[in-house]
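Colleague: Take a look and give me a structure for this.
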Amino acid sequence: MKPFISVFNSRSYALMRIIVGFLFLCHGSQKLFNFPGGMPAGVPAFITYVAGPIELIGGVLIMIGLFTHWAAFITSGQMAVAYWMAHGTKALLPLQNNGELAVLYCFVFLFISTQGGGIWSVDALINRQKSSD
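Modeller: Below you'll find the predicted structure:
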């Protein structure tokens, strides 16, 4: 018999994937559409037009669970690059250089890339349809 808590593993993972994907797409939306809230002054165009689409599209794909392995792997890499471009040159530790969010996203996306979409995902729906054929 499974422990009571393990019954919720797949559901809690799906909720985490959905919420993290949504929060990440909000960052992309902020960069590309100034919604919600505008971008701070002085953000280079490179950040807006390269990071913005990765965050928006990657966030949507992760949230709905489509091509989850690849979307999460790419967004994890983007967050690693973002950390070293914007934060890592200021100080070594994320707490000192305000890079905690970039590090957290990087490793959450790395974890998601190893786990895939899980339940409540388009990937699971596609796999279910393939297996019934």
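Colleague: Over to Pro40. Which of the three states is it?
Modeller: coil (DSSP: H, G, I helix; E, B strand; the rest coil).
Colleague: so what's it up against?
Modeller: Contacts for Pro40 were tallied using CB atoms under 8 Å, 6 or more residues apart in numbering; there are none. Yep, even glycine has a C-beta here, placed from its N, CA and C like the rest.
Colleague: Next one: it, what pLDDT does it get?
Modeller: At Pro40, the model reports a pLDDT of 78.
Colleague: what about it, distance to Gly88?
Modeller: As defined by CB to CB, to the nearest Å, Pro40 lies at a distance of 19 Å from Gly88.
Colleague: can you give me the helices for the chain?
Modeller: 9-33, 45-46, 52-64, 68-82, 94-97, 100-115, 122-132 (DSSP state H).
Colleague: what's the closest of the ones you listed to Pro3?
Modeller: In terms of CB to CB, the element of these nearest to Pro3 is helix 9-33, at 10.0 Å.
Colleague: Lowest mean pLDDT among the helices and strands, pick that one out for this structure.
Modeller: Least confident helix or strand of the chain, by mean pLDDT, DSSP states H and E, is helix 45-46 with a mean of 88.
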